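K.L.:
Need the 3D shape of this:
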Amino acid sequence: MKIISEEEVLKNYSMKQCIEDVERAFMLSKRSEIVVPFRTILHQGDDGAHTLYMPSYVPEINYSAVKIASIFPGNEKYYIPRIQSTIVLSESKTGQHVANIAASALTMLRTGAISGVATKHMAREDAKTLSVIGCGVQSYGQILAIMEVRELEKIYLYNRTKNKALDLKEKVMNHYPDWSGDIQIVDDVNEAVSKADILVSSTSANTPVFSGKYIKAGTHINAIGSCEPIKQEYDVETLKKASKVVVDTLEGAKGEAGGLVIPDEKGEWSFENIYSELADIVVGEKAGRETDEEITLMDSVGVGFLDTVCAASIYESFFIKRH
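P.N.:
This is a model prediction of the structure:
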(Lines give C-alpha, C1' and ligand atoms only; values in the text may rest on other atoms or scores of the structure.)
Protein backbone atom coordinates (compact mmCIF):
# COMPACT_ATOMS: atom_id res chain seq x y z
CA MET A 1 0.00 0.00 0.00
CA LYS A 2 1.29 3.44 -0.95
CA ILE A 3 1.10 6.20 1.64
CA ILE A 4 0.42 9.63 0.13
CA SER A 5 0.84 12.62 2.43
CA GLU A 6 -0.94 15.97 2.46
CA GLU A 7 2.23 17.61 1.19
CA GLU A 8 2.41 15.26 -1.80
CA VAL A 9 -1.23 15.92 -2.67
CA LEU A 10 -0.81 19.71 -2.54
CA LYS A 11 2.45 19.61 -4.51
CA ASN A 12 1.33 17.29 -7.28
CA TYR A 13 -2.47 17.57 -7.61
CA SER A 14 -3.66 20.85 -9.08
CA MET A 15 -7.08 22.42 -8.81
CA LYS A 16 -7.32 22.33 -12.60
CA GLN A 17 -6.84 18.55 -12.57
CA CYS A 18 -9.27 18.16 -9.67
CA ILE A 19 -12.00 20.07 -11.54
CA GLU A 20 -11.44 17.83 -14.57
CA ASP A 21 -11.67 14.73 -12.36
CA VAL A 22 -14.84 15.92 -10.60
CA GLU A 23 -16.51 16.74 -13.91
CA ARG A 24 -15.50 13.31 -15.24
CA ALA A 25 -16.88 11.69 -12.09
CA PHE A 26 -20.26 13.34 -12.61
CA MET A 27 -20.24 12.09 -16.22
CA LEU A 28 -19.41 8.57 -15.04
CA SER A 29 -22.32 8.71 -12.58
CA LYS A 30 -24.70 9.27 -15.48
CA ARG A 31 -23.46 6.45 -17.75
CA SER A 32 -22.64 3.64 -15.34
CA GLU A 33 -23.88 2.10 -12.12
CA ILE A 34 -21.86 3.68 -9.33
CA VAL A 35 -22.38 2.19 -5.86
CA VAL A 36 -22.68 4.90 -3.21
CA PRO A 37 -24.14 3.70 0.12
CA PHE A 38 -25.50 6.55 2.19
CA ARG A 39 -22.77 7.93 4.41
CA THR A 40 -22.62 7.00 8.09
CA ILE A 41 -22.37 9.87 10.56
CA LEU A 42 -20.99 9.07 14.00
CA HIS A 43 -21.68 11.90 16.45
CA GLN A 44 -19.15 12.28 19.26
CA GLY A 45 -19.72 14.59 22.21
CA ASP A 46 -22.09 17.53 22.50
CA ASP A 47 -20.08 20.21 20.67
CA GLY A 48 -20.99 19.10 17.16
CA ALA A 49 -18.03 16.75 16.76
CA HIS A 50 -18.72 13.97 14.29
CA THR A 51 -17.01 11.51 11.95
CA LEU A 52 -18.26 10.67 8.47
CA TYR A 53 -17.71 7.29 6.77
CA MET A 54 -18.22 7.53 3.00
CA PRO A 55 -17.78 4.40 0.85
CA SER A 56 -18.20 4.21 -2.92
CA TYR A 57 -17.42 1.93 -5.84
CA VAL A 58 -16.88 3.14 -9.41
CA PRO A 59 -16.86 0.03 -11.66
CA GLU A 60 -15.82 1.84 -14.85
CA ILE A 61 -12.45 2.84 -13.34
CA ASN A 62 -12.06 -0.37 -11.25
CA TYR A 63 -11.63 1.36 -7.90
CA SER A 64 -13.51 1.61 -4.63
CA ALA A 65 -12.70 3.77 -1.63
CA VAL A 66 -13.74 4.64 1.87
CA LYS A 67 -13.22 8.16 3.08
CA ILE A 68 -13.16 8.85 6.81
CA ALA A 69 -13.59 12.50 7.74
CA SER A 70 -13.63 13.84 11.28
CA ILE A 71 -15.05 17.30 11.98
CA PHE A 72 -14.25 18.43 15.52
CA PRO A 73 -15.15 22.11 16.14
CA GLY A 74 -13.33 22.19 19.48
CA ASN A 75 -9.94 21.28 18.05
CA GLU A 76 -8.77 24.88 17.67
CA LYS A 77 -8.07 25.14 21.38
CA TYR A 78 -5.70 22.17 21.01
CA TYR A 79 -4.08 23.63 17.86
CA ILE A 80 -5.30 20.59 15.92
CA PRO A 81 -7.09 20.99 12.56
CA ARG A 82 -10.87 21.10 12.82
CA ILE A 83 -11.25 18.76 9.83
CA GLN A 84 -9.11 15.64 9.42
CA SER A 85 -9.62 12.93 6.84
CA THR A 86 -8.08 9.97 5.07
CA ILE A 87 -9.02 7.79 2.10
CA VAL A 88 -8.33 4.08 1.71
CA LEU A 89 -8.30 3.27 -2.02
CA SER A 90 -8.77 -0.28 -3.29
CA GLU A 91 -8.61 -1.65 -6.81
CA SER A 92 -11.70 -3.69 -7.53
CA LYS A 93 -10.29 -6.65 -9.52
CA THR A 94 -8.49 -8.29 -6.59
CA GLY A 95 -9.55 -6.07 -3.70
CA GLN A 96 -6.01 -4.95 -2.95
CA HIS A 97 -5.78 -1.81 -0.83
CA VAL A 98 -3.42 0.19 -3.00
CA ALA A 99 -3.19 3.55 -1.26
CA ASN A 100 -3.87 5.43 1.94
CA ILE A 101 -4.21 9.10 1.06
CA ALA A 102 -4.20 11.83 3.69
CA ALA A 103 -7.32 13.55 2.50
CA SER A 104 -7.79 16.88 4.26
CA ALA A 105 -6.15 18.70 1.35
CA LEU A 106 -7.98 16.50 -1.15
CA THR A 107 -11.28 17.29 0.57
CA MET A 108 -10.54 21.00 0.28
CA LEU A 109 -9.65 20.63 -3.40
CA ARG A 110 -12.58 18.34 -4.23
CA THR A 111 -15.11 20.52 -2.39
CA GLY A 112 -13.76 23.50 -4.26
CA ALA A 113 -13.88 21.60 -7.54
CA ILE A 114 -17.61 20.86 -7.12
CA SER A 115 -18.18 24.60 -6.87
CA GLY A 116 -15.81 25.11 -9.79
CA VAL A 117 -17.85 22.78 -11.98
CA ALA A 118 -21.11 24.36 -10.82
CA THR A 119 -19.75 27.87 -11.43
CA LYS A 120 -18.47 26.88 -14.88
CA HIS A 121 -21.98 25.86 -15.94
CA MET A 122 -24.20 28.14 -13.83
CA ALA A 123 -22.48 31.50 -13.29
CA ARG A 124 -22.55 34.32 -15.83
CA GLU A 125 -19.66 34.18 -18.27
CA ASP A 126 -18.78 37.79 -17.41
CA ALA A 127 -18.84 37.28 -13.62
CA LYS A 128 -16.00 39.36 -12.12
CA THR A 129 -16.69 39.59 -8.38
CA LEU A 130 -16.63 36.79 -5.82
CA SER A 131 -17.85 37.12 -2.24
CA VAL A 132 -16.88 34.46 0.29
CA ILE A 133 -18.87 34.15 3.52
CA GLY A 134 -16.84 32.17 6.04
CA CYS A 135 -13.05 32.04 5.71
CA GLY A 136 -12.20 28.63 7.13
CA VAL A 137 -10.19 25.84 5.50
CA GLN A 138 -12.69 25.09 2.74
CA SER A 139 -12.91 28.70 1.56
CA TYR A 140 -9.40 28.58 0.09
CA GLY A 141 -10.37 25.70 -2.18
CA GLN A 142 -13.48 27.61 -3.25
CA ILE A 143 -11.38 30.56 -4.38
CA LEU A 144 -8.84 28.36 -6.19
CA ALA A 145 -11.64 26.61 -8.10
CA ILE A 146 -13.56 29.71 -9.09
CA MET A 147 -10.36 31.42 -10.20
CA GLU A 148 -9.89 28.48 -12.58
CA VAL A 149 -13.25 28.95 -14.34
CA ARG A 150 -13.83 32.73 -14.20
CA GLU A 151 -11.55 35.76 -14.62
CA LEU A 152 -12.14 37.48 -11.30
CA GLU A 153 -11.27 41.11 -10.67
CA LYS A 154 -12.40 41.47 -7.06
CA ILE A 155 -12.88 39.17 -4.09
CA TYR A 156 -14.79 40.19 -0.95
CA LEU A 157 -14.20 38.25 2.26
CA TYR A 158 -16.40 38.16 5.35
CA ASN A 159 -15.74 36.21 8.51
CA ARG A 160 -17.12 36.62 12.00
CA THR A 161 -13.56 36.75 13.34
CA LYS A 162 -11.60 39.11 11.10
CA ASN A 163 -8.22 37.42 11.57
CA LYS A 164 -9.32 34.42 9.51
CA ALA A 165 -10.27 36.72 6.65
CA LEU A 166 -6.88 38.42 6.88
CA ASP A 167 -5.11 35.05 6.84
CA LEU A 168 -7.12 33.91 3.82
CA LYS A 169 -6.38 37.13 1.95
CA GLU A 170 -2.64 36.68 2.51
CA LYS A 171 -2.77 33.03 1.43
CA VAL A 172 -4.62 33.84 -1.79
CA MET A 173 -2.36 36.78 -2.66
CA ASN A 174 0.72 34.59 -2.13
CA HIS A 175 -0.74 31.93 -4.41
CA TYR A 176 -1.48 34.44 -7.18
CA PRO A 177 1.46 36.91 -7.08
CA ASP A 178 0.79 38.06 -10.66
CA TRP A 179 -2.98 38.49 -10.30
CA SER A 180 -3.98 42.11 -10.87
CA GLY A 181 -7.22 41.85 -8.91
CA ASP A 182 -8.06 43.06 -5.42
CA ILE A 183 -9.22 41.40 -2.20
CA GLN A 184 -11.28 43.42 0.25
CA ILE A 185 -12.35 42.39 3.74
CA VAL A 186 -15.80 43.65 4.72
CA ASP A 187 -17.41 43.99 8.15
CA ASP A 188 -21.01 43.63 6.97
CA VAL A 189 -21.98 40.23 5.59
CA ASN A 190 -24.85 41.64 3.55
CA GLU A 191 -22.51 44.15 1.92
CA ALA A 192 -20.48 41.21 0.64
CA VAL A 193 -23.65 39.51 -0.60
CA SER A 194 -24.84 42.61 -2.45
CA LYS A 195 -21.54 42.95 -4.36
CA ALA A 196 -21.32 39.34 -5.54
CA ASP A 197 -21.60 38.00 -9.05
CA ILE A 198 -20.63 34.69 -7.47
CA LEU A 199 -21.37 34.04 -3.79
CA VAL A 200 -19.81 31.27 -1.70
CA SER A 201 -21.36 30.41 1.65
CA SER A 202 -18.84 28.34 3.58
CA THR A 203 -19.91 28.37 7.22
CA SER A 204 -20.94 25.87 9.87
CA ALA A 205 -23.80 28.08 11.03
CA ASN A 206 -27.02 26.60 12.41
CA THR A 207 -29.05 29.64 11.34
CA PRO A 208 -28.86 31.85 8.22
CA VAL A 209 -25.84 34.16 8.16
CA PHE A 210 -27.05 36.55 5.46
CA SER A 211 -30.30 37.89 4.03
CA GLY A 212 -31.49 36.79 0.64
CA LYS A 213 -32.96 40.21 -0.06
CA TYR A 214 -29.44 41.52 -0.77
CA ILE A 215 -28.75 38.99 -3.56
CA LYS A 216 -28.74 40.82 -6.89
CA ALA A 217 -30.08 39.52 -10.19
CA GLY A 218 -27.67 37.27 -12.05
CA THR A 219 -25.86 35.97 -8.96
CA HIS A 220 -24.70 32.38 -8.73
CA ILE A 221 -24.48 30.91 -5.21
CA ASN A 222 -22.37 27.96 -4.05
CA ALA A 223 -23.53 26.82 -0.59
CA ILE A 224 -21.09 24.27 0.82
CA GLY A 225 -21.10 24.68 4.59
CA SER A 226 -24.40 23.12 5.59
CA CYS A 227 -23.88 19.34 5.57
CA GLU A 228 -26.21 18.41 8.41
CA PRO A 229 -30.02 18.53 8.36
CA ILE A 230 -30.06 20.86 11.40
CA LYS A 231 -27.79 23.51 9.85
CA GLN A 232 -29.24 26.31 7.68
CA GLU A 233 -26.68 28.85 6.47
CA TYR A 234 -28.95 30.63 3.97
CA ASP A 235 -32.55 31.77 4.39
CA VAL A 236 -35.81 30.86 2.64
CA GLU A 237 -35.80 34.13 0.71
CA THR A 238 -32.57 33.01 -0.96
CA LEU A 239 -34.27 29.78 -2.01
CA LYS A 240 -37.36 31.55 -3.32
CA LYS A 241 -35.29 34.05 -5.33
CA ALA A 242 -33.34 31.24 -7.03
CA SER A 243 -34.78 30.22 -10.38
CA LYS A 244 -32.59 27.09 -10.39
CA VAL A 245 -31.70 25.10 -7.25
CA VAL A 246 -29.19 22.35 -8.02
CA VAL A 247 -27.70 19.63 -5.79
CA ASP A 248 -24.87 17.14 -6.19
CA THR A 249 -27.29 14.27 -5.47
CA LEU A 250 -30.95 14.45 -4.52
CA GLU A 251 -30.53 11.64 -2.00
CA GLY A 252 -27.69 13.45 -0.24
CA ALA A 253 -29.54 16.76 -0.26
CA LYS A 254 -32.65 15.25 1.29
CA GLY A 255 -30.58 13.67 4.05
CA GLU A 256 -28.06 16.39 4.84
CA ALA A 257 -28.66 19.77 3.18
CA GLY A 258 -30.17 21.65 6.10
CA GLY A 259 -30.71 24.74 3.96
CA LEU A 260 -33.21 22.66 1.99
CA VAL A 261 -34.40 20.16 4.60
CA ILE A 262 -35.51 22.73 7.19
CA PRO A 263 -37.66 24.87 4.83
CA ASP A 264 -39.14 21.69 3.34
CA GLU A 265 -40.12 20.37 6.77
CA LYS A 266 -41.65 23.73 7.70
CA GLY A 267 -43.67 23.86 4.50
CA GLU A 268 -41.88 27.05 3.37
CA TRP A 269 -40.33 25.40 0.32
CA SER A 270 -40.42 21.96 -1.30
CA PHE A 271 -37.89 19.52 -2.70
CA GLU A 272 -40.19 19.36 -5.72
CA ASN A 273 -38.62 22.72 -6.64
CA ILE A 274 -35.16 21.17 -7.18
CA TYR A 275 -34.16 21.91 -10.75
CA SER A 276 -31.67 19.07 -11.18
CA GLU A 277 -28.60 17.26 -9.96
CA LEU A 278 -25.33 18.80 -11.12
CA ALA A 279 -24.52 15.73 -13.24
CA ASP A 280 -27.60 16.40 -15.39
CA ILE A 281 -26.18 19.82 -16.28
CA VAL A 282 -22.65 18.49 -16.84
CA VAL A 283 -23.82 15.97 -19.45
CA GLY A 284 -26.21 18.41 -21.10
CA GLU A 285 -29.50 16.81 -20.09
CA LYS A 286 -30.42 20.04 -18.33
CA ALA A 287 -29.43 23.59 -19.18
CA GLY A 288 -27.12 25.53 -16.90
CA ARG A 289 -27.42 29.30 -16.94
CA GLU A 290 -29.91 30.50 -19.52
CA THR A 291 -30.22 34.25 -18.80
CA ASP A 292 -28.04 36.97 -17.29
CA GLU A 293 -30.77 37.81 -14.76
CA GLU A 294 -31.55 34.46 -13.21
CA ILE A 295 -30.27 33.62 -9.73
CA THR A 296 -28.82 30.11 -9.44
CA LEU A 297 -28.00 28.10 -6.32
CA MET A 298 -25.81 25.03 -5.95
CA ASP A 299 -26.15 23.33 -2.56
CA SER A 300 -23.41 20.73 -2.15
CA VAL A 301 -22.98 18.22 0.65
CA GLY A 302 -20.48 16.10 -1.25
CA VAL A 303 -20.76 12.52 -2.47
CA GLY A 304 -18.36 9.61 -2.06
CA PHE A 305 -17.79 8.69 -5.70
CA LEU A 306 -16.09 12.05 -6.30
CA ASP A 307 -13.49 11.16 -3.68
CA THR A 308 -12.96 7.76 -5.27
CA VAL A 309 -12.36 9.21 -8.74
CA CYS A 310 -10.03 11.92 -7.40
CA ALA A 311 -8.13 9.46 -5.20
CA ALA A 312 -7.67 7.07 -8.13
CA SER A 313 -6.40 9.94 -10.27
CA ILE A 314 -3.83 10.87 -7.62
CA TYR A 315 -2.70 7.28 -7.12
CA GLU A 316 -2.32 6.59 -10.84
CA SER A 317 -0.47 9.82 -11.57
CA PHE A 318 1.86 9.37 -8.58
CA PHE A 319 2.68 5.68 -8.78
CA ILE A 320 1.51 4.07 -12.00
CA LYS A 321 2.33 6.60 -14.70
CA ARG A 322 5.68 7.38 -13.04
CA HIS A 323 6.86 3.80 -12.82
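K.L.:
Which neighbouring residues are in contact with A49, exactly?
P.N.:
With contacts taken as C-beta atoms under 8 Å, 6 or more residues apart in numbering, A49 has the following neighbours: H43, S70, I71, F72, P73, G74. Every residue, glycine included, has its C-beta placed from N, CA and C.
K.L.:
Can you pull the phi and psi angles for the last one?
P.N.:
Summarising the backbone geometry of G74 under the convention degrees, to the nearest 10, its torsions are phi -80, psi 0.
K.L.:
I'd like the contacts of A49 as TSV, with distance to I143 appended.
P.N.:
Listed next are the contacts of A49 as TSV, based on distance: C-beta to C-beta, whole Å:
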residue	distance to I143
H43	30
S70	24
I71	21
F72	24
P73	23
G74	26
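K.L.:
shouldn't G134 be in contact with S226?
P.N.:
No: distance between G134 and S226: 10.7 Å, which falls outside the contact criterion (C-beta atoms under 8 Å).
K.L.:
which of the two has more neighbours?
P.N.:
In this comparison of G134 against S226, neighbours counted by other C-beta atoms under 10 Å, the higher total goes to S226 at 28 against 25.
K.L.:
any idea which element that one lies in?
P.N.:
In this structure, S226 sits in neither a helix nor a strand according to DSSP states H and E.
K.L.:
Going forward, count from 16.
P.N.:
Yes, from this point I'll number from 16; that puts the last item at S241.
K.L.:
sorry, back to before: hmm, which of the contacts of A64 are the buried ones?
P.N.:
Neighbour-count burial within those applies to S85, I86, F87; the criterion is 16 or more other C-beta atoms under 10 Å.
K.L.:
Just the ones of those residues in strands?
P.N.:
With strands defined by DSSP state E, the entries of the buried ones among the contacts of A64 inside them are S85, I86.
K.L.:
can you pull the contacts of the residue most central in space within the chain?
P.N.:
What sits nearest the mean C-alpha location of the chain, by C-alpha atoms, centre = their mean, is T126, with 3.0 Å. With contact set as C-beta under 8 Å, 6+ apart, T126 has these partners: Q153, G156, Q157, I239, S315, G317.
K.L.:
quick one: which helix or strand includes it?
P.N.:
T126 is part of helix 119-137, with elements assigned from DSSP H and E.
K.L.:
following that helix, which helix or strand comes up?
P.N.:
Moving toward the C-terminus from helix 119-137, the first helix or strand encountered (DSSP H and E) is strand 144-148.
K.L.:
and that next one, which strands flank it?
P.N.:
Strand pairing for strand 144-148, using DSSP bridges, gives strand 169-173 (parallel), strand 213-216 (parallel).
K.L.:
So for the helix holding T126, what gets flagged as buried?
P.N.:
Of the residues in helix 119-137, those scored as buried under the neighbour-count criterion (16+ other C-beta under 10 Å) are 119-137.
K.L.:
So for the contacts of T126, which is the shakiest by pLDDT?
P.N.:
Ranked by pLDDT, those bottom out at G317, which has 90.
K.L.:
Where do the helices of the stretch 16-165 of the chain begin and end?
P.N.:
For the stretch 16-165 of the chain, helices defined by DSSP state H, counting those that start in this stretch occupy the ranges 21-27, 30-46, 119-137, 152-164.
K.L.:
how close does I129 get to A40?
P.N.:
The spacing between I129 and A40, counted by C-beta to C-beta, to the nearest Å, is 10 Å.
K.L.:
Need the overlap of contacts for those two.
P.N.:
With contacts taken as C-beta under 8 Å, 6+ apart, I129 and A40 have L321 as neighbours in common.
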